[in-house]
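Asks: Here's my sequence, what's the structure:
(4 chains)
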2 protein chains.
Amino acid sequence: MNSSADMLLTPSDPTDTGTQQIRDAIRDAIVERRLAPGTKLSESDVGGLFNVSRTLARAALQALAYEGLVNVERNRGAFVAYPSPEEARQIFAARRLVEPGILKSAAERITAAQLKQLGQLLLEEGRLIGERGQSARRAEIKASGDFHLMLASISGNLIMQRFMEELVARSSLVIALYGQSSASSCGHSEHADIITALGRKDVDTACDLMLHHIEHIEADLDLRERKSFDLREAFER
Amino acid sequence: MNSSADMLLTPSDPTDTGTQQIRDAIRDAIVERRLAPGTKLSESDVGGLFNVSRTLARAALQALAYEGLVNVERNRGAFVAYPSPEEARQIFAARRLVEPGILKSAAERITAAQLKQLGQLLLEEGRLIGERGQSARRAEIKASGDFHLMLASISGNLIMQRFMEELVARSSLVIALYGQSSASSCGHSEHADIITALGRKDVDTACDLMLHHIEHIEADLDLRERKSFDLREAFER
DNA sequence: GTGCATATTATTGTATGCAATATAACGGCG
DNA sequence: CGCCGTTATATTGCATACAATAATATGCAC
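Replies: So this is what the prediction gives:
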């Protein structure tokens, strides 16, 4: 029993309505890699963990499926997504396509306060890289993604922001699956370079740096077709 | 009773699984403007129309909410989305940001057969513009959107394709709400121009044309803040 | 007749129950 | 011993039932 991962996430939080809370908790767990790709997420288990009925658990899983973080197979259930190399390529292609434009919009609208906030985020990120331990790694992953998300937020376009949230989350899955270097996430210095370029309103180089940054992350992936590609989601751990 | 729109869509189709079928049918109804923005979509009514329980109806509505075509307000129910002028701007900003890149990818991969297909789509579109009647208008709206979607499909990036589907669908809502010109959709000739540029592998002008095309659509919108902005979804018709 | 408090109705939120499907366990047979 | 068909178990798909909330109607005071 309990073949599903007994994820160690905080199932408590009085605020917010059921489904969303569950969805957020599971998403965090996936993005922070406490839930491995392919892990089965049974409705009963999820419901049990959060003390809700299968109805809500199911709704949360469905929502995560829309975000591409979970695959639901008919009559078989929900699994943490296991992006194929091709999907991985498309995710990063999407980021290359979208992030320069977002950065450009952000550059046009950014305020001094926001620039400062970005700097603080960077500092935090740097601090975490120095620390050891699981939780520091997780926080680092999150901070690294948050950099890109904050830029999207600054751009002021909620639609692009949501799309980026999806892309960043799925990127985390891809890196977990295909990343080679020990560096848990993207190069910290590159983030800094982008910000300094942004600070001097040098949009073009900022965009260039962003593109290279994404390419660097991608270069660290080993996207060769694995032997058993998708073989029942790698035996659905 | 039956305050919800009695939409005249075919509620029958043996193939495909419940939720998805409902979702697609309602989405089509929204995109083709048979369902006006703000229309209430009660779970019972939707379920009744498709002869399924509220469970499935609810799931379909939730899915549409994720696509931005429906707003669900807690304890109040689901309504056909009523994008604010600001949302409208963001939707088109997103399209300006994304479509040139998609077009570029498409240009790199397009085959002769696909180019021909695009031409046929254009012909069909032209034919529909000549015709009169509601159903021709609807088909025209769809064809016009399909042009952009086919480009996304040719680009080979499923993620961008899905994103474009969302944007095109929401654009239809925006045009329904804020469009001024009688032309139900975008300029037909501009589509043609883009394709000819694509035909001679002239990516740069194709992208330029696409940008202008989007700007033209946007220029036809009257995005001044309406008097009762969001006043309970315009009295939730 | 208007305004407000109350009661009634309708609709949504959530849990539970049953049928259908898939997975796993079992046992005979080659 | 391995293979295959059967049975048993677990899990999902869907519908229904009940509780909670919002919308509406009613009645009373003024």
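
Asks: can you tell me which residues contact the residue nearest in space to the middle of chain A?
Replies: For chain A, A:Ala169 is the residue whose C-alpha lies nearest the centre (CA atoms, centre = their mean; 2.0 Å). Applying CB atoms under 8 Å, 6 or more residues apart in numbering or on different chains, we find A:Ala169 in contact with A:Arg27, A:Ile30, A:Val31, A:Glu67, A:Gly68, A:Leu69, A:Gly145. Every residue, glycine included, has its C-beta placed from N, CA and C.

Asks: quick one: which of those residues sit in helices?
Replies: Those of the contacts of A:Ala169 mapping onto helices are A:Arg27, A:Ile30, A:Val31, A:Gly145, per DSSP state H.

Asks: any chance of those residues in JSON lines, with pLDDT too?
Replies: As requested, those are exported to JSON lines (pLDDT from 0 to 100):
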{"residue": "A:Arg27", "pLDDT": "97"}
{"residue": "A:Ile30", "pLDDT": "97"}
{"residue": "A:Val31", "pLDDT": "95"}
{"residue": "A:Gly145", "pLDDT": "94"}
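
Asks: With respect to chain B, which of the residues you listed is nearest?
Replies: When the ones in helices among the contacts of A:Ala169 are compared for distance to chain B (CB to the nearest CB), A:Arg27 comes out closest, at 13.6 Å.

Asks: Now for that closest one: which residues touch it?
Replies: If you count contacts by CB under 8 Å, 6+ apart, A:Arg27 has them with A:Leu64, A:Glu67, A:Leu69, A:Ala169.

Asks: repeat for A:Lys201
Replies: Neighbouring residues of A:Lys201 by CB under 8 Å, 6+ apart: A:Ala107.

Asks: Quick one: classify it as helix, strand or coil.
Replies: Following DSSP: H, G, I helix; E, B strand; the rest coil, A:Lys201 is assigned to coil.

Asks: Ramachandran angles for it?
Replies: As for A:Lys201, its main-chain torsions (degrees, to the nearest 10) stand at phi 60, psi 20.

Asks: Tell me the spacing between A:Glu86 and DNA strand D.
Replies: Distance, A:Glu86 to DNA strand D, by CB to the nearest atom of the strand, to the nearest Å: 25 Å.

Asks: Kindly report the same for A:Ser172.
Replies: As judged by CB to the nearest atom of the strand, A:Ser172 and DNA strand D stand 23 Å apart.

Asks: Please, which helix or strand holds that residue?
Replies: Secondary-structure assignment from DSSP states H and E places A:Ser172 in helix A:158-178.

Asks: How many neighbouring residues does A:Asp208 have?
Replies: The local packing count at A:Asp208 equals 15, with neighbours defined by other CB atoms under 10 Å in any protein chain shown.

Asks: Quick check: it vs DNA strand C, distance?
Replies: When CB to the nearest atom of the strand is applied, the distance between A:Asp208 and DNA strand C equals 46 Å.

Asks: For whatever helix or strand that residue lives in, which helices and strands make contact with it?
Replies: Counting by DSSP H and E, the secondary-structure element that holds A:Asp208 is helix A:203-219. The criterion is 3 or more CB pairs under 8 Å, 6 or more residues apart in numbering or on different chains; DSSP states H and E, and the helices and strands that helix A:203-219 contacts are helix A:85-109, helix A:188-199.

Asks: could I get the ones you listed as JSON lines with distance to chain B, mean pLDDT and mean neighbour count?
Replies: Formatted as JSON lines, the entries for these read as follows, by distance: least, CB to the nearest CB, whole Å; pLDDT from 0 to 100; neighbours: other CB atoms under 10 Å in any protein chain shown:
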{"stretch": "helix A:85-109", "distance to chain B": "4", "mean pLDDT": "98", "mean neighbour count": "20"}
{"stretch": "helix A:188-199", "distance to chain B": "18", "mean pLDDT": "94", "mean neighbour count": "18"}
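
Asks: and of those helices, who's closest to B:Gly126?
Replies: For B:Gly126, the closest of the helices and strands packed on helix A:203-219 is helix A:85-109, at 30.2 Å, according to CB to CB.

Asks: Most proximal residue of chain A with respect to DNA strand C?
Replies: Distances from chain A to DNA strand C, computed as CB to the nearest atom of the strand, single out A:Ser53 as the nearest residue at 3.1 Å.

Asks: That residue is in contact with A:Val46, isn't it?
Replies: No - contact criterion CB atoms under 8 Å: A:Ser53 and A:Val46 do not qualify, at 10.5 Å.

Asks: what about these two, which has more around it?
Replies: Taking neighbours as other CB under 10 Å, A:Ser53 and A:Val46 compare with A:Val46 leading, 23 against 14.

Asks: Next up, the contacts around the more buried one.
Replies: Taking CB under 8 Å, 6+ apart as the definition, contacts of A:Val46 comprise A:Ser4, A:Ile22, A:Ile26, A:Ala57, A:Ala60, A:Leu61.

Asks: for chain A, what helix or strand is lowest in average pLDDT?
Replies: Of all the helices and strands that make up chain A, the one with the lowest confidence by mean pLDDT, DSSP states H and E is helix A:232-235; it has a mean of 54.

Asks: Can you pull the residues of chain A lying near chain B?
Replies: If contact is defined as CB under 8 Å from any CB of the partner chain, the residues of chain A in contact with chain B are A:17, A:59, A:62-63, A:66, A:68, A:74, A:87, A:90-91, A:93-94, A:97-98, A:101-102, A:105, A:156-160, A:163, A:167.
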